[in-house]
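Colleague: Prediction below, plus the sequence it came from.
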Amino acid sequence: MRLEGKIAVITGGSRGIGRAIALRYAAEGADIVVNYRQDEAAARDTVAAIEALGRRALALRADVSRRADVRELFAKTVAHFGRLDILVNNAGINRVCFFEEITDQDWDDILGTNLKGPFICCQEAFAHLKERGGRIINIASVAGQYHGPKTVHYAVSKAGLISLTAAVARYGAPHGILVNAVAPGIIETDLTRDELRGPGGQNIVALTLLKRPGQLDDVASACVFLASDEQNYMTGQVLAVSGGAVLP
């Protein structure tokens, strides 16, 4: 129970990687706020799964690109659970297309959710974390390390998130707030499973050293490590969970 008694907010926590992190955190003893923007049913299903593990959970709607929503998200978290210990900035969107096809709206939407959102969440979380310390974990992407090519706007947003991680770590250090990022590579989910079995997906998998996609728990376990007291001397770092797709 490496997260016994901790309170964690996971943005975009209703499905995919966010849900996997939520369930692993709950299994390790944390109580969870499952943030969602649209799919309330999925959020409530995740809450039910957490409660089945014997932990407390709360589903809260918030658009992370809107400061008023984020401020309310943390206010409700603290009102319900009494404090905040861990923030996981997982909410993100993508629209696959080539560079010349990206519209201004695509750019604004993706940068708004993927980069502005974590920036706002980090700022607003600081007010609750500064007194006790805590952990912020940003879910970046290997795309932010190899820069596209069919997701230029997404790659830029994730590269920016990696930079934001290092910058915020500087401000968090005096208050005991450790800020790190996890950069997943090709992860098998309900949304990617069929694609990964096709020719295009196999070509992407071939880029990894391990020649296979990662699993949701590969990402979730890295997030548990960064949130736990097993490490107290890492901040401003990026853990690549990519099967060796990108090497330093």
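Modeller: Good, I have the coordinates. Every value quoted in this text rests on a predicted model; they were computed, and no experiment measured them.
Colleague: ok, which stretches of this protein are strands?
Modeller: Ranges of strands in the chain, per DSSP state E, are 7-10, 31-36, 57-61, 86-89, 134-139, 177-184, 187-188, 214-215, 238-241.
Colleague: Okay, now the sheet partners of the first one, with direction.
Modeller: Strand partners for strand 7-10, identified by DSSP bridges, are recorded as strand 31-36 (parallel), strand 86-89 (parallel).
Colleague: Can you say which of these is nearest to residue 247?
Modeller: When these are compared by C-beta to C-beta, strand 86-89 sits nearest residue 247, at 25.0 Å. For glycine as for every other residue, the C-beta is placed from the backbone atoms N, C-alpha and C.
Colleague: can you tell me the average pLDDT over the closest one?
Modeller: Across strand 86-89, the average pLDDT comes to 98.
Colleague: Kindly report the same for stretch 100-116.
Modeller: Averaging pLDDT along stretch 100-116 yields 97.
Colleague: Now do the buried residues in it.
Modeller: Residues of stretch 100-116 classed as buried under the neighbour-count rule (16 or more other C-beta atoms under 10 Å) are 102, 106, 110-116.
Colleague: and the strands of the chain as TSV, adding mean neighbour count?
Modeller: TSV is the format used below for those (neighbours: other C-beta atoms under 10 Å):
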stretch	mean neighbour count
strand 7-10	27
strand 31-36	27
strand 57-61	19
strand 86-89	29
strand 134-139	26
strand 177-184	25
strand 187-188	20
strand 214-215	18
strand 238-241	19
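Colleague: Would you format these as CSV with distance to residue 208 included?
Modeller: Below are those laid out as CSV (distance: least, C-beta to C-beta, whole Å):
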stretch, distance to residue 208
strand 7-10, 26
strand 31-36, 30
strand 57-61, 34
strand 86-89, 24
strand 134-139, 19
strand 177-184, 12
strand 187-188, 11
strand 214-215, 8
strand 238-241, 11
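Colleague: What residues of stretch 11-20 count as buried?
Modeller: Neighbour counts over stretch 11-20 (16+ other C-beta under 10 Å) mark 11-20 as buried.
Colleague: just how off-centre is it within its chain?
Modeller: 8 Å (C-alpha atoms, centre = their mean, to the nearest Å).
Colleague: Same check on stretch 71-84?
Modeller: 19 Å.
Colleague: residue nearest the centroid of this structure?
Modeller: Central residue of the chain (C-alpha atoms, centre = their mean): residue 90, 2.2 Å from the mean position.
Colleague: That one contacts residue 11, correct?
Modeller: Yes - counting by C-beta atoms under 8 Å, residue 90 does reach residue 11; the two are 5.3 Å apart.
Colleague: what do those two both touch?
Modeller: Counting by C-beta atoms under 8 Å, 6 or more residues apart in numbering, the contacts common to residue 90 and residue 11 are residue 18.
Colleague: Now do the biggest helix by length in the chain against strand 177-184, angle only.
Modeller: In the chain, taking DSSP state H as the definition, the longest helix is helix 152-172. Angular relation of helix 152-172 and strand 177-184 on a 0 to 180 degree scale: 160 degrees, by axes from the mean of the first three to the mean of the last three C-alpha atoms, to 10 degrees.
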